[in-house]
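>>> here is my input, please return the structure:
(chains A and B)
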Amino acid sequence: MDATSQIPLNPRDYLVLLALTDGARHGYGLVKDIEAQSGGRVRVDPANLYRMLKRMISSGLVVESPEAARDDGDDRRRYYEITRFGREVVTLEAGRLAELTAVARSRHLLSEREATG
Amino acid sequence: MRESGQKPGAVRAYSALLRLLPRELREEFGAEAAALFRELWNEARRDGGPAASSSLWVRSSTRLVECAVRARLEAWRKTTSGPVAARGDTGVANTMGRIAQDLRYAARTLRKNPGFALTAILILGAGIGATTTIFSVVDTVVLRSLPYPSAGRLVHFDQGGHSFPLFRGWQDLESFEAVAAARDREVDLTSEAAPERLPAAAVSEAFFELLGAAPGLGRLFVASEYAGEGRSVVLSHPAWRRLFGGDPEVLGRVVQIDGQPTEIVGVLAETFVPPDLTTGSRVDFWFPLDDGGANRDDHAYHTLDVIGRLRSGVSLEAAQAEADAQRDAIAPQAPSQYVRRDGTMAYTPLVELREATVRNVSRTLWLLLGAVGMLLLIACANVANLFLARGTSRTREIALRGALGASRSHIASQVLTESVVLAVAGGALGVLLAFGGVDLLARFQPGGIPRIDGLAVDGRVLGFSLVMSVTTGVLFGWLPVLQATRGDINDALKEAATAVGAGRSGRRARGVLVVTEIALAVVLLAGGGLLFRTLVAMVQVDPGFETEGLAVVRLSLDAGYSESDRRQFTEELSERLRALPGTRSVMAGPTIPFSSTGTSRCCWRTSIVGDPALHDQEDRRYQSIVHPVTDAYFETLRVPVIAGREFTRGDMAGSQLAILDEGTARDLYGRDDVIGETLTLGDATLEVIGVAAGVHHWGLNQPIEPAVYVPYGTFGADFDRLEVAVRTDAALEAVAAGLREAVWAVDPDLPIPDVVTMEDRVSASLATPRFLSGLLGAFALVALLLACGGIYGSMLYTVGQRKREMGIRLALGAGREDVIGLVLRHGVLLAGAGIAIGIVAGLSLSRTMETLLWGVEPTDPLTFAVVGVALGGSAVLASFVPAWKASRTDPIRTLGAD
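Presented below is the predicted three-dimensional model:
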C-alpha cells in the first residue's frame, strides 16, 4: 500500500501514531501520552481510542505487540506498536504539517515563541 | 480506593453503554475499553474528586454514543460501497462528527463571550417569543381545523337566519350527507338558586351526529322528542359542573325552564365544543328543535342557522350549483323573499364552516402576524450586526484556520452552527416568554374572537417555534458566514485591528442592516400610530347623550309575558325605580343607545313616509329603525329635544305619536319645522310631536342614523327585550341592589343579568381598537428600542474601529466638535435612509389595515411625520454617546499604540 494514500491523516490518528513512535503503548498509556503531547487539550475517550486503533490495525499502521506486554511484565493488558508502514505515514504527515507551519511563520502568524515552542 | 473492589455505578453504566458498539468492535475491544474507562475514572476521582469523575463520565459516555454511531456508519459504508480505504473522516460519518465538533466548538466560543451570547439570546428570545405568541393565536383561531369529524367537509349556509321551508329543502340536497339546523336562544332557569338567564340552543335531529357529539352521561334526544313529545333538555358539560356540581344523579331530574318543568335526559361529553358561528361558544342547555309550529311554512320567518356535511368527493361548487338550482325551483313560492327588486335571484352562498367562523378576525390576525414578523426581522438584523462586529475581531483566527487547511465550507458550517445554536437558545427563551404572552393575551383580549378558548402553546406551535428559530439562525448567520469566507486572507492577516480600511465590506453590511432595522421600525411605529389615532378619534366622538351617571340593564320578558303584561311590568318597574334614593329619571325600551354596537342592527326596521310629495319624486324607500321608548327617554339620556316635546306617561296608553331625530325630519319633510306633521309607519299613521338631536346609537364609530321614536305603550310591548336605564346620583352597587329588589318585587322569577353603567358599555365598544393599538404599540416600542440599540451599537463599534483615524484628525488640529459632527453625520445619514425607505414602505403597506382604522386615513401625513421625527430624534440621541466618546479620543495614545 502506498503511504501517500493515507495523507492527510485525521488529526487524532496523527496523535496516536506520534505517541507510538516513542515505543509500544497500552490504552491507558496512549491516552496519557496524547494528553501530554497536546498540552492537556486533547483527551481521547476509550471507545474512540479503540475504534481508531482497530481501524489503524486493519490499515496496517499499527499492530498488537505481545512481546512488549511480556517485557513490561504486564500481560493482562494489550500493547500496540507502530509498524514500519505506520512510521512512513506519520513521517509524511509531519512533513506536510511542517510545510504549512513554515507558510504561517512567513506570514507572521506565529510569534517566535510559538514557532519554536 | 475501590479499584479492586466492586465496580462503581459510573463504570457499570459505561460498560452497559458499550453494548451500543457494533458487534465486531465490541467483541474485540469492549473489555479493554471498559477497563480503560475504569482506570481513568478512578484516577479522575482520586485527583479531582466526584466533580472530575462525573464530568469524565459524561464526556466519555457522550463520545461513546457518537463513536457507536460513527462506527456503524463506517461499517455500513464498507458493506455498500466496497473496499474503500476507510481513511480517517469521510462521508456521512465525517458530517456527523463534524456537526458534533462544530457544536462543541460553538458552545465553547459562546461561553468565552457570555456578554455577546446573552445579549443575542435576549434579543432573539423577545422576537421569537412575540412571534410564537401571535402564531399561537393564529393557529388556534384560523389555521386549526374545527374539532369535528370530517371538519373539512362542513359547510355553512351563509348570510343570515333561514326559514323552515328552506331548511327542509336543503335536507333533500343530494350533495350533502347530512344537514342540520340550530336556533340559539336564552332561557330562564328558575328552579335552582337564583333565577338565571342562560344561553341555550335548539337543534335538529342531525345536529349532534353531524358534529360528532356524544353523550358523556345519559343520552341524547330520540326521534319522538324531536317530534315534540315531552320536554327534555341535554346539559353541556360545563353547565353540568357549574349548576349541578357534576352530580351523576342529575339524570331524570326535573328543572323549571321558562316556567315549564323539563327533564334532564343527558349531559354532553366534555370534549364537545359548540360551533361558534351557529350557536355561540357557550351553550348551557340543548333542546330538540321543533318543526316550526305556526311558522312551519313561513318563508319570512328567519331564525335558523344551518350547517351541512358534504358527501365525500362532492365539491363545494357542485353543492352550490345544486342548492342554486333548488332555489330557482322554490322561488315562485315566495318571490318577495328570494327575488330582488331588479329581478335577480338571491342565492344562499355555501361557505366552508371554518372560513365562515373566522373570516371577521382572520385578516386582523394575519396583519398582527405580519407586524410581529417585522419585529423578528429587526431582532435578526440586530443580532446579525452583533455577529458582524464580533466577526471582524475573529478574522485572524479564521484566517489561521483557513491557512491550516480548513475548507471554506467547514468554516462556514462552523459559523452557521454558532448562529443556529444562539437562535435555538433564543427560541427556547422565546417559548418560555410565549407561555406568559399567551396568558396575557387570553386575559386582555377584547372579546369577539371565535375559538379563542382553546388558546395554548401546543405541539404545533412549538414546532413552528423551532422552525422559526433555526430559520432565524440561518438568516442572521448568513451574513457573518459570507464575511468569514469571502475576503482575501492576505488582507485579513495584515494589521487587522488597527488598519484604517479594516472591515470595509463589513461596515457596509452593518450599515445596510441598520438602515433595514430603522425602516422596519418606521413601518411598525406608523401602524401603531394609526391605530392609536383611531382609538383617539373614537374616544373623542360625542355620542349625543350624557354617558356618566347612567345605570343600565337588559331584561327579557318572554316566557309567559303577554303584551299587556309587559306594559304593566314596565310601568310598575319604572315607578319603583323612580322611588329609589338618588334617581333622577328612568326610561326603558327594546333598543337604547349602545345596547349593541357594531354594524348589525336590531330590532324593528321598516319603511316610513313623511311628506308624500317628497317621496313620489324619489324612487327609494326611506328606511329607519323605530325605537319604542317610555316617557322621560330623552330626559334620562340628556339628549336635547330641539322642537316640540317628548312623550308623557299619559302617551304610553296607546297614543299614535312620533318623535324624529333632526336628520330624519329634514329627510322626510325637507324642512326643520315638522311639529304636527303626519308620519306613515307601515300601517299606522302618527303625529309628529317632537324633534330631538341625533345620537350615535350603535357605537362611536357608527354614523348617526335615521331614528323614529314611538311610545313604548303603543308599539313596544311585542318585543320581549327591555333595556332599562336609570339616571342616578347613587353609586352603582346601590342602584344595582335597588334595581334587583325592584324587579323581583314585580316578578320574583325574572333573571337579572349584571347591572352596568353606560360608561362601561361605551368603554367596551372601544375594546378592540384599544387592544389592537396597545398590542401594536408594544411591538412598535420594542422595535424602536431595538433599532436605536442597533444604531448605538453600530456607531460605537465603528468609532472603535476608526479610533486611529480620529486620533490623526484630532492631532492635525480638528476640534472635538468636528469629530462629533463626523460621527453624528454618519448616524443621521443611516437613519435618514432608513426613515425614507420606511415611510415609503409604510405608506404602501398601511392600505392593508384600512378596515381597522376609523377617523384617520391610512396615509395620514401627520402620523408619518411624527414617526419620522421621533425616529430621527432617537437616532441622533443614540449616535450621540458614541460620537462624544470619539471626541474624547486621546490622539497620543491611539497613535502611539504602534
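
>>> have a look at chain A and report its longest helix.
Using DSSP state H to define each element, chain A has its longest helix at helix A:84-106.

>>> get me the contact residues on the stretch 501-650 of chain B for chain A.
Counting by CB under 8 Å from any CB of the partner chain, the stretch 501-650 of chain B comes close to chain A at no residue. C-beta: built from backbone N, CA, C; applies to glycine.

>>> returning to what we had before: next, see if the longest helix of chain A gets close to chain B.
Yes - Helix A:84-106 reaches chain B (CB under 8 Å from any CB) through A:100, A:103-104.

>>> in ChimeraX, how would I select just the buried ones from these?
The ChimeraX selection below is limited to those of those classed as buried (16 or more other CB atoms under 10 Å in any protein chain shown):
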select /A:104
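
>>> now for whichever strand or helix holds B:Ala833, which elements pack on it?
Here B:Ala833 sits within helix B:816-845, counting by DSSP states H and E. Helix B:816-845 sits against helix B:504-539, helix B:767-801, helix B:803-811, helix B:861-887, with contacts defined as 3 or more CB pairs under 8 Å, 6 or more residues apart in numbering or on different chains; DSSP states H and E.

>>> any idea of the mean pLDDT for that helix?
For helix B:816-845, mean pLDDT is 90.

>>> one more: stretch A:88-98?
Computed over stretch A:88-98, the average pLDDT equals 92.

>>> find the nearest non-adjacent residue to B:Cys67, please.
Distance criterion CB to CB, 6 or more residues apart in numbering or on different chains; nearest residue to B:Cys67, sequence neighbours excluded, is A:Ala47 at 4.1 Å.

>>> quick one, grab the pLDDT at the one you found.
pLDDT, A:Ala47: 92.

>>> re earlier: who are the packing partners of the longest helix of chain A?
Judged by 3+ CB pairs under 8 Å, 6+ apart, the packing partners of helix A:84-106 are helix A:11-20, helix B:395-403.

>>> and those helices, which one is worst for confidence?
Least confident of the helices and strands packed on helix A:84-106, judged by mean pLDDT, is helix B:395-403 with a mean of 66.

>>> coming back round to it: list the buried residues in the longest helix of chain A.
Neighbour-count burial for helix A:84-106 [16+ other CB under 10 Å]: A:85-86, A:88-90, A:92-93, A:96-97, A:101, A:104.

>>> what does stretch B:366-377 give?
When neighbours are counted by 16+ other CB under 10 Å, the buried residues of stretch B:366-377 are found to be B:367-369, B:371-377.

>>> now swap in stretch B:698-715 and tell me
Buried residues in stretch B:698-715, defined by neighbour count with 16+ other CB under 10 Å: B:698-702, B:704-715.

>>> same thing with stretch B:856-873?
Buried-residue list, stretch B:856-873, by 16+ other CB under 10 Å: B:856, B:858, B:860, B:863-864, B:867-868, B:870-872.

>>> got JSON lines for these, with pLDDT and distance to B:Asp298 too?
JSON lines is the format used below for the buried residues of stretch B:856-873 (pLDDT from 0 to 100; distance: CB to CB, whole Å):
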{"residue": "B:Val856", "pLDDT": "91", "distance to B:Asp298": "46"}
{"residue": "B:Pro858", "pLDDT": "92", "distance to B:Asp298": "45"}
{"residue": "B:Asp860", "pLDDT": "93", "distance to B:Asp298": "50"}
{"residue": "B:Thr863", "pLDDT": "94", "distance to B:Asp298": "52"}
{"residue": "B:Phe864", "pLDDT": "95", "distance to B:Asp298": "55"}
{"residue": "B:Val867", "pLDDT": "94", "distance to B:Asp298": "57"}
{"residue": "B:Gly868", "pLDDT": "94", "distance to B:Asp298": "61"}
{"residue": "B:Ala870", "pLDDT": "93", "distance to B:Asp298": "61"}
{"residue": "B:Leu871", "pLDDT": "92", "distance to B:Asp298": "62"}
{"residue": "B:Gly872", "pLDDT": "92", "distance to B:Asp298": "66"}
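
>>> hang on, the earlier thing: where does the longest helix of chain A sit relative to the chain's centre, distance-wise?
12 Å (CA atoms, centre = their mean, to the nearest Å).

>>> quick one, what contacts B:Ala389?
B:510, B:793-794, B:797 (CB atoms under 8 Å, 6 or more residues apart in numbering or on different chains).

>>> now do the strand or helix carrying it and helix B:504-539, the angle between them.
Using DSSP H and E, B:Ala389 sits in helix B:353-393. On the basis of axes from the mean of the first three to the mean of the last three CA atoms, to 10 degrees, helix B:353-393 is oriented at 140 degrees to helix B:504-539.

>>> from chain B, how far off is the residue nearest to the spatial centre of chain A?
Among the residues of chain A, A:Leu17 comes closest to the average C-alpha position under CA atoms, centre = their mean, at 2.2 Å. For A:Leu17, the distance to chain B (CB to the nearest CB, to the nearest Å) stands at 12 Å.

>>> look at the one residue in chain A that gets nearest to chain B and report its pLDDT.
Closest contact between chain A and chain B, by CB to the nearest CB, is at A:Asn10 (3.1 Å). A:Asn10 is assigned 88 on the pLDDT scale.

>>> next one: B:Gln6, what pLDDT does it get?
Model confidence at B:Gln6, expressed as pLDDT, equals 69.

>>> next: the one 3 residues further on.
The per-residue pLDDT reported for B:Gly9 equals 85.

>>> go on, B:Arg23?
Looking at B:Arg23, its pLDDT is 86.

>>> next: B:Asp458.
86.

>>> what number of residues lie near it?
By other CB atoms under 10 Å in any protein chain shown, the residues close to B:Asp458 number 13.

>>> how much space between it and B:Val339?
Remark: distance between B:Asp458 and B:Val339 (CB to CB, to the nearest Å) = 49 Å.

>>> one step back: and of the contacts of B:Ala389, the nearest to chain A?
Closest to chain A, out of all of those and judged by CB to the nearest CB, is B:Tyr797, at 24.9 Å.

>>> how deep is that closest one tucked in, by neighbour count?
22.

>>> just checking, it touches B:Val514?
No - B:Tyr797 sits out of contact with B:Val514 when judged by CB atoms under 8 Å, with a separation of 10.8 Å.

>>> if we can go back for a sec, Three-state assignment for the residue nearest to B:Cys67, please.
helix (DSSP: H, G, I helix; E, B strand; the rest coil).

>>> state the number of residues packed around it.
Look at A:Ala47: counted by other CB under 10 Å, it has 31 neighbours.

>>> for it, what are its contacts?
Counted by CB under 8 Å, 6+ apart, A:Ala47 has contacts B:18, B:21, B:33, B:60, B:63-64, B:67-68.

>>> and the closest residue to B:Gly228 other than its chain neighbours, what element?
Using CB to CB, 6+ apart and skipping the chain neighbours, the partner closest in space to B:Gly228 is B:Asp290 (5.7 Å). If you go by DSSP H and E, B:Asp290 is not part of any helix or strand.

>>> so which residues of the stretch 651-800 of chain B form strands?
Listed in chain order, the strands of the stretch 651-800 of chain B (DSSP state E, counting those that start in this stretch) span B:657-661, B:678-681, B:684-692, B:707-711, B:721-728, B:756-757.

>>> worst mean pLDDT among those?
strand B:678-681 (a mean of 87).

>>> CA atoms of that strand as CSV?
C-alpha atoms of strand B:678-681 as CSV (Å, rounded to 0.1, in the frame of the first residue of the first chain):
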residue,chain,number,x,y,z
THR,B,678,-98.2,63.2,9.7
LEU,B,679,-95.9,60.2,9.6
THR,B,680,-96.8,56.9,8.0
LEU,B,681,-95.2,53.9,9.6
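
>>> confirm B:Trp286 sits in a strand?
Yes - under three-state DSSP, B:Trp286 falls within a strand.

>>> thank you kindly, that will do.
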